[in-house]
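>>> coords please:
(chains A and B)
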Amino acid sequence: MTDRPLITVSVDKSHCQLYGICQSEAPTVFDLGADGRLRYQSRPAAADTDQVRQAARCCPTQAITLSERRR
Amino acid sequence: MSTGHRIVVAGAGLAGLSAAERLREHGYPGEVVIVGDEPHRPYNRTPLSKGLLTGDISRRDLPLRTYTDLDATWRLGTPILGLDLDHGHLLLAGGEHLGFDGLIIATGVDARLLPDAPMHLPHVRMLRTLADADAIDRALAKASHVAIVGGGFIGCEIAATARARGVHATIVDLTPTLLARSLGPALGAIVGDIHRDAGVRLHLGVGVHGWTETSSGVQLALDDGETITADAAVVGIGTHPRTDWLRGSGLDLTDGVLCTTTCHAQDSDGNAVESVVAAGDVARWPNLRFDSSPRRVEHWINAIEMGQAAAEALLAGPQAARQFTPMPRFWSHQHGVRIQSLGMPALGTEMTILDGTPESRRFVAGFTRPAPEGPILVGAVALDSPRALLRHHDHIGRPLKPTPDRPGTPPWPK
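Take a look at the predicted model:
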């Protein structure tokens, strides 16, 4: 695979239904808290890019938007 | 396979898109051609029974995203009529031959027809495509009562959508509980209560005996003598794999495209075909995480994961390819309740509650099957408990309660 870009993560809270699929795909970036809220790193490391992309693909409500950012 | 110069993806849905993206992620330099019979690029079908019909999701949200440039040739609105394995080409409508060095079969499923249902009527519909969803949308807009034949996920979600739109809904199913095949009778009964509480009428354990067209809709005569009068009907009684175009190709088409553990298609003699892989709803393969029985898995996330695995397998070849042993996952949303599943609950012979209580309708149920080392957890289903379900993710396929002297070990070959 090619070099991983750095990405910025944003989650549309009006679409997110807290299924937690993102956490099982990218546990270092997404965390479904005991309070029922989703917390996430908006600027994860390049090493997390593949997992975050998979989380975005698998999100049941397609609530995760990714954009590339400069190093 | 890496020397091939053209890979054709048959099917422009989620599995096909995922496969195409994975080819490029792995640096495949050749031509990628994606053939789909619908006029649209790949779109998300999951809101078609839910958010798109309630207005929570707009059409703009439906196209599926990729994160790698596909540099693909799109052949949309193009039905595939046949596969010639000896010459390595597809037969397209109009007589065109489309040659390939590698083929990814991802043509999905069709909704199963109910014999005798008057599908020619504009207000009697099935659901598979965006065009179907639009037709159901128009029918619901004018309806005060929709009859739904089939108590599977499509039927249950359409019923919830109808109630959200203020339309009365009745579900008819031959089995005594909703979602029986996926969740089993005990959970199906709980889901039935949720539907009843939301005002959905259930006629379960009975079949439809006959249909009558009326001036304002349809009448369904049931086997138990009841009659349902409705001004719209949706039939959702299951699917069949779209393999008609593969007839005579030499591939094993018993309930979908039979595949090896690496997603390679198998011919009728049981040999893996090096140049052909299959993915998504159409593919039947043995998931060795559970056992060696080939099965189709019609889950949205499986279409993603199997599309990716099939693309990798095509590039690697049958010898070097990894076995595809995913953790099946699905979700549904009905009357505000989230239903989620992990693993293969249908393989379980016993059910036990792992978290919460059924009465609260927030719980996780575990499904086990017996094994010499103790009951193995083969699946888990959660109602409104996503966080609790995450905790069980790594326990699927292991003894239910590993003890220190008998640690849980995966039963599948590594």
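>>> from the stretch 1-150 of chain B, which residue is nearest to chain A?
Nearest residue of the stretch 1-150 of chain B to chain A (CB to the nearest CB) works out as residue B:67 at 4.9 Å. The way it works is simple: take the backbone N, C-alpha and C, and place the C-beta from them, glycine included.
>>> report how many residues lie close to that residue.
Neighbour count for residue B:67, taken as other CB atoms under 10 Å in any protein chain shown: 18.
>>> contact partners for it?
Residue B:67 sits next to A:53, A:56, A:66, B:21 when contact means CB atoms under 8 Å, 6 or more residues apart in numbering or on different chains.
>>> what's the answer for residue B:351, then?
So residue B:351 contacts B:184, B:186-187, B:365-368 (CB under 8 Å, 6+ apart).
>>> put the buried members of those into a PyMOL selection.
Those of the contacts of residue B:351 that count as buried under 16 or more other CB atoms under 10 Å in any protein chain shown are selected in PyMOL with:
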select buried, chain B and resi 184+187+365+366+367+368
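>>> let's have the contacts of residue B:351 in TSV, adding secondary structure.
Formatted as TSV, the entries for the contacts of residue B:351 read as follows, by DSSP: H, G, I helix; E, B strand; the rest coil:
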residue	secondary structure
B:184	helix
B:186	helix
B:187	helix
B:365	strand
B:366	strand
B:367	strand
B:368	strand
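>>> need the max-distance pair from the contacts of residue B:351.
Using CB to CB, the contacts of residue B:351 span at most 14.4 Å, a distance reached by B:187 and B:368.
>>> gap between the residue nearest to residue B:308 when sequence neighbours are not counted and residue B:285?
Leaving aside its chain neighbours, residue B:308 sits nearest to residue B:22 (4.2 Å; criterion: CB to CB, 6 or more residues apart in numbering or on different chains). Look at residue B:22 and residue B:285: by CB to CB, to the nearest Å, they are 17 Å apart.
>>> so residue B:202 sits in a helix?
No - read with three-state DSSP, residue B:202 is strand and lies in no helix.
>>> residues near the residue lying closest to it once chain neighbours are set aside, how many?
For residue B:202, ignoring the flanking residues on the chain, the nearest one in space by CB to CB, 6+ apart is residue B:171 at 5.4 Å. Neighbour count of residue B:171, defined by other CB under 10 Å: 26.
>>> phi first, then psi, for the most centrally placed residue in chain B.
The residue lying closest to the centre of chain B (CA atoms, centre = their mean) is residue B:298, at 2.4 Å. Residue B:298 adopts backbone torsions of phi -100, psi 60, taken as degrees, to the nearest 10.
>>> quick one: contacts for it?
Taking CB under 8 Å, 6+ apart, one finds B:109, B:239, B:281 in contact with residue B:298.
>>> look at residue B:384 and say how many residues are nearby.
Neighbours of residue B:384 (other CB under 10 Å): 18.
>>> from the contacts of residue B:67, which is closest to residue B:386?
residue A:56 (17.3 Å).
>>> not counting sequence-adjacent ones, nearest residue to the closest one?
Of all residues beyond its chain neighbours, the one nearest residue A:56 is residue A:64 (4.0 Å), with distances taken as CB to CB, 6+ apart.
>>> got the confidence number for that neighbour?
Looking at residue A:64, its pLDDT is 98.
>>> tell me the bridge partners for it.
Taking DSSP bridges as the rule, residue A:64 bridges to residue A:11.
>>> my guess is it contacts residue A:22. True?
Yes - the criterion here is CB atoms under 8 Å, and residue A:64 meets it with residue A:22 at 6.4 Å.
>>> and for these two, which residues touch both?
Residues touching both residue A:64 and residue A:22 (CB under 8 Å, 6+ apart): A:11, A:55-56.
>>> quick one on the thing from earlier: now, the most widely separated pair of the contacts of residue B:67?
A:66 and B:21 (13.6 Å).
>>> between the two, which one's more packed in?
residue B:21 (25 against 19).
>>> in which helix or strand would I find that one?
Element membership of residue B:21 [criterion: DSSP states H and E] is helix B:14-25.
>>> in terms of secondary structure, what does that helix contact?
Helices and strands touching helix B:14-25, by 3 or more CB pairs under 8 Å, 6 or more residues apart in numbering or on different chains; DSSP states H and E, are strand B:6-10, strand B:31-35, strand B:102-105, helix B:300-316.
>>> check contacts around residue B:349.
Neighbours of residue B:349 in contact, by CB under 8 Å, 6+ apart: B:368-370.
>>> number of residues surrounding the closest residue to chain A within chain B?
With CB to the nearest CB as the measure, residue B:386 is the residue of chain B nearest to chain A, at 3.9 Å. Residue B:386 has 21 neighbouring residues, counting by other CB under 10 Å.
>>> need the contact list for it.
Taking CB under 8 Å, 6+ apart, one finds A:18-20, A:32, B:338, B:340 in contact with residue B:386.
>>> closest one of those residues to residue B:5?
Nearest to residue B:5 among these, counting by CB to CB, is residue A:19 at 40.6 Å.
>>> now the strands for chain A?
Using DSSP state E, the strands of chain A run over A:6-11, A:30-32, A:38-40, A:64-69.
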